[in-house]
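# Sequence first, predicted coordinates after that:
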Amino acid sequence: MNVSQAHLVSLADRRVVAIDQHKVGIMAMNRIQFQPGLSMPEFLKDYGTEAQCEQALEAVRWPQGFACPRCSGTAHYVVRDGVRKVFQCQSCRHQASLIAGTVFQGTKLPLTTWFLAIYLISQAKTGLSALALKRQLGVSYPTAWLMHHKLMQAMATREERYVLEGKVQVDDAYLGGERTGGKVGRGSENKVAFVAAVSLTEDDRPLRVRLTPVPGFTLKAISAWAKDHLAPGSAVFSDGLACFGAVTEANCSHQATVIAGRKPREVPEFRWINTVLGNLKTSLSGCYHAFDFRKYAARYLAAFCYRFNRRFDLKTLHQRLLIAAATATPQPLRQIRVADVHC
């Protein structure tokens, strides 16, 4: 290649770069998707030692300083019970462990391992399987599975505090599929029914999501669901499924649009609920090979909602999950396995 040819190649490369830059410049960038989040070096800088994790947990449990859970006294001693920090009240002599009354209660793992699990689960957009968590933490699969479910239960408990309000799109959806030789469609014995709902802002952007298993799509089930998860006065929009008319029993208005076999892209008025369900399907199929959805559906769906509803501030999501874990009630293995069965 001579000098002239090399010069032409250089010019061509620059044109390609310029074109690519132009394309990037005119492409709409989703600011939520391109959030920086919290990098691993930043996380390790703040939570890389057991002492740092203890300090962070103590600040979350007692923001105003230690208060005795028995007598509310604030004067205390700090003692050590093995590797754990224990607080002894000067008034009633009650001793309270730093991890007692939290998701971490009874654990023999270092807090650094738990905090790393919180970080990995909170920063994973599509969730994190117990198998992936096992490999990242260096623990056994049963341990990773239990940690995962304890943190998902903390997410689910936190989600119970909120209801949807304003303009709300709802749809019927299912986890699972028909078995060979079994029924198909809504009558399949291998499906878990759940209500998918998304509340919208005034400019019709998605705000909050709720995914709730129900016994079935009946007037009674939808009426109970609406009373628990919708604020009175909400405007509910659904397809032509008759049971959604029961939301009026929760003092909500209802407008039905008959879909009549149209594909999601042909129904722009339900764009966001279809987008949420598409994201859920991608998340579950891309993250989990299998899970017992008939038993643990509520927990997995709540974890998806937890991340979605806090997607605007990815960098602090680990702190919010820490608060959820620190304020949730202890979840021993026997309680984790006795999941609510909605079907």
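Looks like it came in fine. Quick caveat, the model's predicted, so the values are computed rather than measured.

# mean confidence for whatever helix or strand L322 lives in?
Using DSSP states H and E, L322 sits in helix 317-327. Helix 317-327 carries an average pLDDT of 95.

# contacts for that helix?
38, 43, 56-57, 60-61, 102-104, 114-115, 118-119, 121-123, 150-151, 154-155, 157-158, 306-307, 310 (C-beta atoms under 8 Å, 6 or more residues apart in numbering). Where C-beta positions appear, they are placed from N, C-alpha and C, glycine not excepted.

# can you pull the contacts of the residue nearest to N279 when sequence neighbours are not counted?
Spatial nearest neighbour of N279, excluding adjacent residues (C-beta to C-beta, 6 or more residues apart in numbering): F308 at 7.7 Å. By C-beta under 8 Å, 6+ apart, the contact set of F308 is V209, V276, N279.

# In a helix, E58, correct?
Yes - counting by DSSP: H, G, I helix; E, B strand; the rest coil, E58 is part of a helix.

# List phi and psi for A96.
Torsion angles at A96 (phi, psi; degrees, to the nearest 10) stand at phi -130, psi 120.

# Now, of the contacts of F308, which are buried?
Neighbour-count burial (16 or more other C-beta atoms under 10 Å) applied to the contacts of F308 gives V209, V276.

# Out of the contacts of F308, which comes closest to L131?
Of all the contacts of F308, L131 sits closest to N279, with 21.7 Å by C-beta to C-beta.

# Can you list the residue ranges for helices in the protein?
Assignment of helices within the chain using DSSP state H yields the ranges 3-26, 40-47, 50-61, 111-123, 130-137, 141-159, 219-229, 271-287, 293-309, 317-327, 333-337.

# possible to save those as JSON lines with distance to G245?
Putting the helices of the chain into JSON lines (distance: least, C-beta to C-beta, whole Å) gives the following:
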{"stretch": "helix 3-26", "distance to G245": "45"}
{"stretch": "helix 40-47", "distance to G245": "48"}
{"stretch": "helix 50-61", "distance to G245": "44"}
{"stretch": "helix 111-123", "distance to G245": "38"}
{"stretch": "helix 130-137", "distance to G245": "40"}
{"stretch": "helix 141-159", "distance to G245": "26"}
{"stretch": "helix 219-229", "distance to G245": "7"}
{"stretch": "helix 271-287", "distance to G245": "17"}
{"stretch": "helix 293-309", "distance to G245": "24"}
{"stretch": "helix 317-327", "distance to G245": "35"}
{"stretch": "helix 333-337", "distance to G245": "37"}
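
# Of those helices, which is nearest F87?
Evaluated with C-beta to C-beta, those place helix 50-61 nearest to F87, the distance being 8.9 Å.

# which helices and strands sit right next to that closest one?
Identification of packing neighbours for helix 50-61 by 3 or more C-beta pairs under 8 Å, 6 or more residues apart in numbering; DSSP states H and E yields helix 40-47, helix 111-123, helix 317-327.

# Present the ones you listed as CSV; the columns should include distance to A231 and mean neighbour count.
Supplementary listing: those in CSV, determined by distance: least, C-beta to C-beta, whole Å; neighbours: other C-beta atoms under 10 Å:
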stretch, distance to A231, mean neighbour count
helix 40-47, 36, 14
helix 111-123, 27, 22
helix 317-327, 22, 20
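
# Quick one: closest of these to G65.
helix 317-327 (15.3 Å).

# If I take the closest one and helix 40-47, what angle do their directions form?
40 degrees (axes from the mean of the first three to the mean of the last three C-alpha atoms, to 10 degrees).

# Cheers, nothing more for now.
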